[in-house]
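Engineer: just to be clear, the model below is a prediction. Sequence and coordinates:
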Amino acid sequence: MPQLPMICIVDDDVSVLDSFAEMLTLEGFDTQCFNDATALLTFLQKMPNCVVLSDVCMPILDGMQLLARLQNFDAELPVVLMSGHGDIPMATQAMREGAIDFLEKPVSPSVLIERLKQAQRQRKSVLARREQSLSKDDKAIIERLVVGESPVIKQLHEQILVLANADVDTLIYGETGSGKDVVARALHDASRRRNHPFIAINCGAMPENLIESELFGYEAGAFTGAKQRQMGKIEAASGGTLFLDEIETMPLTAQIRLLRVLQERSLERLGSTQSIPVNIRVIAASKDDLQTTSEKGLFRLDLYYRLNVASLKLPPLRERGDDILMLFEHYCQLAAERFQRGCPAIRAHHQEKLLHYEWPGNVRELRNIADRFVLGIEGDGFSLNHQSTDIDELPLDKFDQKLEDYERKLIEDSLMTAAGHIGNAAEQLKMSRKTLYRKMKKFQLDKQTFRA
């Protein structure tokens, strides 16, 4: 990390914040002020290159509670605590729980500056070590799964890289179809858990009377129909990642049991009192703001706080600019391989329609449209071909003939470019040799014709 870590100052007294910020800025430190500890936690997800200087006595979340949250987020993050009511037991507790120093107010400027410089050197060393340990494969995995080059997606790539290695429970927010499952998979595949299970469960698709047995497992005889012991999804994910999609729909009874698992990292199967240790990372996804949902009594607030060690917010597709075209081409190529068909040309009028559509279904909708585009069929809602070319005016039989003529022309051009070499032509067309031979037979094409 070429840049020196920023000093994040946390104090509920604005005058104290201004005083510390002015002093440290004059000494050459880059500072950021927070009068609310929860705002700091959000900031650190985007800017991990920091040192935290925090007061102890604050409302809502005090310095010791903040220290505990920061330890969960990143145990190597340097935290310096200050208090005007400090005593030896408090200082001892703070150091034991992970603070690198405890200073009593009024703080000597020279002592504070020296402590912060030490903390900066420590943080810089930690991040440099992590950067070296991150293989290029980790970044490539994320960029391959989370496709896009817009600024918001580039920033998301960086956030995923940091959180993948932090190995903390994470919340993912985003509209329906925005790719929350893809980001969860990227967090797993770029982490040290990649060689262990990734178990996904959609809470919204699971009947309420089955979700607890699915998650926690059960013993024989635990309920009517339970004839033999069954391992639950949480136990199956041990060593790896448990992905809970649409967690806002989870019944409150299951939320209570899940909270206990997250707190103790152990579970009891239904019908058993035996505690089974589990080593899991939980990634939960929601289209709703869980804090607001909790305040309405529809989601447990303590479970929200336990899950919300870190969070990611996914942008809707309509805010991603030219990523729309990149994603459409990407999914067209995948569809062409899956359906063993050539990929149709994406023309200027197609691009214009793609960029000006609102995409209420986000990436999932775009992927479905790409499938239909490759198959040459229409569907409900948005259509790329509707009123875009004169082909739309053709009767169905002539439309099919036009498509066949176009397909034949593509194959002829590829065989001509490849000088009749079947392997090279098939590669250009993104289809198997077997499929190419079948289509050549259909169109009565002989590879020898193109050898000259």
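Structural biologist: Received it, and whenever you're ready, just let me know what you need.

Engineer: how far is the helix or strand harbouring residue 291 from where the chain is centred?
Structural biologist: Secondary structure from DSSP states H and E places residue 291 in helix 290-295. Offset of helix 290-295 from its chain centre (CA atoms, centre = their mean, to the nearest Å): 21 Å.

Engineer: who's in contact with that helix?
Structural biologist: Outside of helix 290-295, the residues within contact range by CB atoms under 8 Å, 6 or more residues apart in numbering are 171, 247-248, 286, 299-301, 304, 307-308. For glycine as for every other residue, the C-beta is placed from the backbone atoms N, C-alpha and C.

Engineer: tell me the mean pLDDT over it?
Structural biologist: Across helix 290-295, the average pLDDT comes to 92.

Engineer: show me what counts as buried in it.
Structural biologist: 290, 293-294 (16 or more other CB atoms under 10 Å).

Engineer: still on that earlier bit, let's see if you can find the most crowded of the contacts of helix 290-295.
Structural biologist: residue 247 (28 neighbours; other CB atoms under 10 Å).

Engineer: distance of that residue relative to residue 103?
Structural biologist: 40 Å (CB to CB, to the nearest Å).

Engineer: which other helices and strands does the host helix or strand of residue 20 contact?
Structural biologist: Using DSSP H and E, residue 20 falls within helix 14-26. Applying 3 or more CB pairs under 8 Å, 6 or more residues apart in numbering; DSSP states H and E, one finds that helix 14-26 contacts strand 6-10, strand 31-34, helix 109-133.

Engineer: if you set the cut-off to 7 Å instead, what comes out?
Structural biologist: Taking 3 or more CB pairs under 7 Å, 6 or more residues apart in numbering; DSSP states H and E as contact, the helices and strands that helix 14-26 lies on are strand 6-10, strand 31-34.

Engineer: how about those, which one is nearest residue 146?
Structural biologist: Closest of the helices and strands packed on helix 14-26 to residue 146 is strand 6-10, at 26.4 Å (criterion: CB to CB).

Engineer: partners of the closest one in the sheet?
Structural biologist: When pairing is defined by DSSP bridges, strand 6-10 lines up against strand 31-34 (parallel), strand 50-55 (parallel).

Engineer: and the closest residue in space to residue 262 that isn't next to it in sequence, helix, strand or coil?
Structural biologist: Spatial nearest neighbour of residue 262, chain neighbours left out: residue 306 (5.0 Å); criterion: CB to CB, 6 or more residues apart in numbering. Assigned by DSSP: H, G, I helix; E, B strand; the rest coil, the conformation of residue 306 is helix.

Engineer: show me the shaky parts of this protein.
Structural biologist: Residue ranges of the chain with pLDDT under 70: 1-2, 86, 131-136, 385-400, 402, 452.

Engineer: outline the domain layout of it.
Structural biologist: The chain breaks down by automatic domain parsing into domains covering 6-133, 136-313, 326-386, 394-452.

Engineer: tell me which of those lies nearest to residue 319.
Structural biologist: domain 136-313 (6.8 Å).

Engineer: can I get the strands paired with strand 6-10 in TSV including distance to residue 217 and mean neighbour count?
Structural biologist: Listed next are these as TSV, based on distance: least, CB to CB, whole Å; neighbours: other CB atoms under 10 Å:
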stretch	distance to residue 217	mean neighbour count
strand 31-34	43	18
strand 50-55	40	25
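
Engineer: out of those strands, the one nearest residue 22 is which?
Structural biologist: strand 31-34 (9.0 Å).

Engineer: list the contacts of that closest one.
Structural biologist: Contacts with strand 31-34, where a contact means CB atoms under 7 Å, 6 or more residues apart in numbering, come from 6-10, 17, 21, 24-25, 40, 43.

Engineer: and these, which of them are buried?
Structural biologist: Looks like the contacts of strand 31-34 have 6-10, 17, 21, 24, 40 buried, using 16+ other CB under 10 Å.

Engineer: which of those sit farthest apart?
Structural biologist: Longest span within the buried ones among the contacts of strand 31-34, CB to CB: 24 and 40, 16.0 Å.

Engineer: ok, residue 182 - contacts?
Structural biologist: By CB under 7 Å, 6+ apart, the neighbours of residue 182 are 145-146.

Engineer: what about it, which SS state?
Structural biologist: Per three-state DSSP, residue 182 ends up helix.

Engineer: now swap in the one 3 residues further on and tell me
Structural biologist: Following three-state DSSP, the label given to residue 185 is helix.

Engineer: how near is it to residue 118?
Structural biologist: 39 Å.

Engineer: which of the two has more neighbours?
Structural biologist: More neighbours surround residue 185 than the other of residue 185 and residue 118, with 19 against 15 (other CB under 10 Å).

Engineer: which one is that one nearest to, not counting chain neighbours?
Structural biologist: Nearest one to residue 185, counting by CB to CB, 6+ apart, is residue 145 at 6.1 Å.

Engineer: from the buried residues of helix 290-295, which is closest to residue 374?
Structural biologist: residue 290 (37.6 Å).

Engineer: which strands or helices does the host helix or strand of residue 93 pack on?
Structural biologist: Following DSSP H and E, one finds residue 93 within helix 88-96. Packing partners of helix 88-96 (3+ CB pairs under 7 Å, 6+ apart): strand 101-104.

Engineer: packing partners for the strand it packs on?
Structural biologist: Under the contact rule (3+ CB pairs under 7 Å, 6+ apart), strand 101-104 is packed against strand 79-83, helix 88-96, helix 109-133.

Engineer: give me whichever of these is most buried.
Structural biologist: Mean neighbour count, computed with mean count of other CB atoms under 10 Å, is highest for strand 79-83 among these, reaching a mean of 23.

Engineer: helix 88-96 and that one, what's the angle between them?
Structural biologist: 170 degrees (axes from the mean of the first three to the mean of the last three CA atoms, to 10 degrees).

Engineer: chain center to strand 79-83: distance?
Structural biologist: 32 Å.

Engineer: please renumber so the chain begins at 51
Structural biologist: New numbering, starting at 51: the last item is strand 129-133.

Engineer: contacts for it?
Structural biologist: 102-107, 113, 117, 120, 140, 144, 148-155, 157, 165-166, 169.

Engineer: run the last query once more with 6 Å
Structural biologist: 102-106, 113, 117, 120, 144, 149, 151-153, 155, 157, 165 (CB atoms under 6 Å, 6 or more residues apart in numbering).

Engineer: residue 308: which of these is nearest?
Structural biologist: residue 120 (23.7 Å).

Engineer: the closest one belongs to a helix?
Structural biologist: Yes - assessed with three-state DSSP, residue 120 lies in a helix.

Engineer: give me the neighbour count for it.
Structural biologist: 22.

Engineer: from residue 112, how far out is it?
Structural biologist: 13 Å.

Engineer: then residue 283?
Structural biologist: 36 Å.

Engineer: neighbour count winner among those two?
Structural biologist: Shown here are residue 283 and residue 112; by other CB under 10 Å, residue 283 has more neighbours (21 against 16).

Engineer: pull out the buried positions in the one helix or strand residue 292 maps to.
Structural biologist: Assigned by DSSP H and E, residue 292 falls within strand 291-295. Neighbour-count burial for strand 291-295 flags 291-295 (criterion: 16+ other CB under 10 Å).
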